[in-house]
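[1] Need the 3D shape of this:
(2 chains)
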2 protein chains.
Amino acid sequence: MAQHSEGPAAGVDRERLIEALEAVVPESALLISEEERRPYECDGLTAYRRLPMLVVLPETVEQVQAVLRICHQQQVPVVARGAGTGLSGGALPHAGGVLLSLARFNRILKIDTLARTARVQPGVRNLAISEAARPYGLYYAPDPSSQIACSIGGNVAENAGGVHCLKYGLTVHNVLKLEMVTIEGERITLGGDALDAPGYDLLALMHGSEGMLGVIVEITVRLLPVPERAQVVMAAFDSVAAAGAAVGAIIAAGIVPAGLEMMDGFAIEAAEAFVHAGYPLDAAAILLVELDGTNEEVSDQILQIHDLLKQAGATGLRTAQDEAERQRLWLGRKAAFPAVGRLSPDYYCMDGTIPRGRLPEVLNGIAALSREYGLRVANVFHAGDGNLHPLILYDANVPSELDSTEEFGGRILELCVAVGGTVTGEHGVGVEKIDQMCVQFASAELSQFHAVKAAFDAAGLLNPGKAVPTLQRCAEFGAMHVHGGALPFPELERF
Amino acid sequence: MAQHSEGPAAGVDRERLIEALEAVVPESALLISEEERRPYECDGLTAYRRLPMLVVLPETVEQVQAVLRICHQQQVPVVARGAGTGLSGGALPHAGGVLLSLARFNRILKIDTLARTARVQPGVRNLAISEAARPYGLYYAPDPSSQIACSIGGNVAENAGGVHCLKYGLTVHNVLKLEMVTIEGERITLGGDALDAPGYDLLALMHGSEGMLGVIVEITVRLLPVPERAQVVMAAFDSVAAAGAAVGAIIAAGIVPAGLEMMDGFAIEAAEAFVHAGYPLDAAAILLVELDGTNEEVSDQILQIHDLLKQAGATGLRTAQDEAERQRLWLGRKAAFPAVGRLSPDYYCMDGTIPRGRLPEVLNGIAALSREYGLRVANVFHAGDGNLHPLILYDANVPSELDSTEEFGGRILELCVAVGGTVTGEHGVGVEKIDQMCVQFASAELSQFHAVKAAFDAAGLLNPGKAVPTLQRCAEFGAMHVHGGALPFPELERF
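    Model (predicted):
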């Protein structure tokens, strides 16, 4: 089985490449000077920066095809980029390659209310789809926290999640059809407008493939009817383990909330100080349980949830009385990362996923590690999905604290894998977690990944060095580093 | 990009193969004589028969690995087989190869009520999973009509559907993890117990891959809580187009029924004569709308559905008053194929899928073609999914009638593709629809399929000649031929 190349392409002739590209894209689509290229040097994983050799902003599918044909011919690496909000460095440029921005593919092509689909270009923002569908009573369900900024193409590339994915699935469950261009410049259609398409499921394969198999140029997503009613219940607990057990009880009762999020005491405190959501400062953990559906269904489920939460030991319950209160309760959750960032010079954000039955055990394990390393941890996460986001607080100016933090983070992810979980839930692998893939997968599986990659891109030109490590590389862990609580996507402040 | 071999392997030394296999599997696992091999000559597509060179029934994963290693080494084709109920010939043996039956992998390994999953072997029957989960109030949602007989491994290989897939998704949406063995004998794990797994989505890729990428040896499926209540509403219409429009109205209203099936006048008549379900004989079409959920939710939705159906011109409505009546209404639908078979010497069953907004138009188109060819058509299908199953009635003893029927069937599938649909919904491609794949896909897409195939099985040993045609082959259409109303899976008679 083939291994794809990871290093920079040797011997790319920049002038020859520019000349060829100038013949196929307008002048405004080619960014050559360092100042113009600078904004593309990183994505949301700001700790990793690299200036691309060239930036190309094509405006048509034909231009994308022509650019890829040239790169294929001249053996130039290509990194596709959506809105650049990704948290794992999937869009980190290649120093010897082209950064292919899909920013100008920003049109909503069709909202089909009968089929309940939207056909959009990849640079369209996630939230813009729901905004365009709203007049028809429809919306697009997956809602990453960065949804006002992130693009749907990037969502596909990273198989993005969000608060509502517990009930409505990840991106892969909400996309019907893709148009993509191969590295050879061929345009192909994956999936279809009907229920299912024959042949190998390349549509699903593209999800989470981080731009390593092809460049997406059009996406048809499924739309859902806006629920008649959505309501959130907040429950307070005096331990994170009790809150974790309550999550299990809700799921075991057969209820699928639209969202089921947990915040621990530290995260509560930080969020409350930042956005005054009205959280109980004396709680060790809160759960936010969102229910949606018809009026009757939601009323019925709220009664059930109240009973379940009380039985699970909730020390306080609050049900949002109106939409403003509901929004306020969610605001604290959505602003939790920057809120924690305000309280510490630096933090590491992890993104592991575990079978949700193991929540109390893993949360206790993280607490024990926190004591062992003497480093504080805030837990804010998609509890219903078992998708953890522990934030380890540290100070990069204290010698050795970064080393301890990295080691601590690595042990959290090892704990996730040990209980049957994975090293990422929704942020992707990118460059950030590429080494952790070695813990997750055996060499037989990694070899199969490489073989599939080679089936699309034998020369390894598409986003080299991301997502799937070479067998030789499997060595050590990494983790996301955010300095001084800086927002990975500044647009979030507008929330 | 590689093309996989389609023809029989030349120069396989049968004696040498038997000798090697005898060293790795018990004597009882090897079927050598013609009488022993005869039962494996076809699957549910009984019109295609071929005696396998050898049949192997391994009992452990290690045995599967050893068998595949031998076949890989000796370059022997391998066709994996579950229960053999498939309708498209996916398990049709290779005359020069091994038929690898997973029938002895028939154990349910674990029901995890907290994670709501079942870990099972591939030979476990679909319905057996729900039976094992029932004591815990859980069930496995996808329900092909053959569910009492078909195996879960075959369901994955064909990405099987069923009545309830409208609400609960296809097989791919209900499987969390697979263990598979590659043609080289490597055991690999795809997916995981947690929400999402990093790396390329090989789990989804295996669904519908018809045994061409690897041999599945273990499956972890998602279980759902048995709904508090399920109820079916039957609505009569005086035209199929009106019934088709009603389907659109239900979906447009934001209701997702658990099942939404249509039968036309001819199918109604046949089913009624066969099982006395209580269908209205004067209707041109009926819809069966199943609703499930909490008591409140179902009551609420039934009222809404009644209103919608009346507005859409329903001439009669009947709501099942108890579970016995609900079962009786479904019995007519589930027995419709054999019921139609009783009224005609022969029939062809098509399996096309269309965007459901195009239902009235396509149904009118089929009726026009029926008049043009002078051949009767019964329509019984998953209307909510847009998954059509037109049954063309003909008499193979009338000269040229088979030719007309094949041409007619081909034009129906062309009509499906023309409105943005596909040539198969849930029966798979197998040998039956392999030529129609040429209509569905351009050569760039087929080439990409071949490249992915080669990434798993470069020598083309796994199920050669199925599912994905070579570029050279793209020539003519085929369709499922059932003689004299014979049941493709005789177990259905026990329903």
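[2] Which residues of the stretch 101-250 of chain A lie near chain B?
    Proximity of the stretch 101-250 of chain A to chain B (CB under 8 Å from any CB of the partner chain) is limited to residues A:112-116, A:137, A:159, A:161, A:165, A:169-170, A:172-173, A:182, A:186-190, A:192-202, A:204-205, A:207-209, A:213, A:225, A:248. The way it works is simple: take the backbone N, C-alpha and C, and place the C-beta from them, glycine included.
[3] Buried subset of these as a PyMOL selection?
    A single PyMOL command selects the buried members of these (16 or more other CB atoms under 10 Å in any protein chain shown):
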select buried, chain A and resi 112+115+116+159+161+165+169+170+172+173+182+186+187+188+189+190+192+193+194+195+196+197+198+199+200+201+202+204+205+207+208+209+213+225+248
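[4] Among the residues of the stretch 101-250 of chain A next to chain B, name the ones in strands.
    A:Asp112, A:Arg187, A:Ile188, A:Thr189, A:Leu190, A:Pro225 (DSSP state E).
[5] Tell me how many other residues crowd A:Glu325.
    17 (other CB atoms under 10 Å in any protein chain shown).
[6] Roughly how far does it sit from chain B?
    Note on A:Glu325: its distance to chain B, by CB to the nearest CB, to the nearest Å, is 24 Å.
[7] what's the answer for A:Glu19, then?
    Counting by CB to the nearest CB, the separation of A:Glu19 from chain B is 28 Å.
[8] List the first helix or strand encountered after the strand or helix carrying that residue toward the C-terminus.
    For A:Glu19, the host element (DSSP states H and E) is helix A:14-22. Counting by DSSP H and E, the element after helix A:14-22 in chain order, helix or strand, is strand A:30-31.
[9] what's the helix or strand that comes right after that following strand packed up against?
    Counting by DSSP H and E, the next helix or strand C-terminal to strand A:30-31 is helix A:34-37. Applying 3 or more CB pairs under 8 Å, 6 or more residues apart in numbering or on different chains; DSSP states H and E, we find helix A:34-37 packed against strand A:54-56.
[10] Name every sheet partner of the strand it packs on and say whether each one runs parallel or antiparallel.
    strand A:30-31 (antiparallel), strand A:98-101 (parallel) (DSSP bridges).
[11] hmm, back to that, what about the helix holding A:Glu19, distance to the chain center?
    Remark: helix A:14-22 is offset 34 Å from the chain centroid, using CA atoms, centre = their mean, to the nearest Å.
[12] Contacts for the helix or strand containing A:Ala243, please.
    Using DSSP H and E, A:Ala243 sits within helix A:240-252. With CB atoms under 8 Å, 6 or more residues apart in numbering or on different chains as the test, helix A:240-252 has contacts from A:235, A:237, A:257, A:260, A:262, A:264-265, A:284-287, A:289, A:305, A:308-309, A:311-314, A:356-357, A:359-360, A:363-364, A:367, A:379, A:383-384, B:113-114, B:116.
[13] report the angle between the axes of the helix or strand that that helix is followed by and helix A:240-252?
    Next along the chain after helix A:240-252, taking DSSP H and E as the criterion, comes strand A:259-264. Angle, strand A:259-264 to helix A:240-252, by axes from the mean of the first three to the mean of the last three CA atoms, to 10 degrees: 170 degrees.
[14] Let's see strand A:259-264 as PDB, backbone CA atoms only.
    Extracted C-alpha coordinates of strand A:259-264, given in PDB (Å, rounded to 0.1, in the frame of the first residue of the first chain):
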ATOM      1  CA  GLY A 259     -28.600  19.500  22.800                       C
ATOM      2  CA  LEU A 260     -27.100  18.100  26.000                       C
ATOM      3  CA  GLU A 261     -24.200  20.100  27.200                       C
ATOM      4  CA  MET A 262     -22.200  20.100  30.400                       C
ATOM      5  CA  MET A 263     -20.100  22.700  32.100                       C
ATOM      6  CA  ASP A 264     -18.100  22.200  35.300                       C
END
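[15] And the contacts of the following helix or strand past that strand?
    Downstream of strand A:259-264, the first helix or strand assigned by DSSP H and E is helix A:265-275. With contact meaning CB under 8 Å, 6+ apart, helix A:265-275 is reached by A:240, A:263, A:277-281, A:283-286, A:331-333, A:335-336, A:338-340, A:342-343, A:376-380, A:391.
[16] Cool, thanks, talk later.
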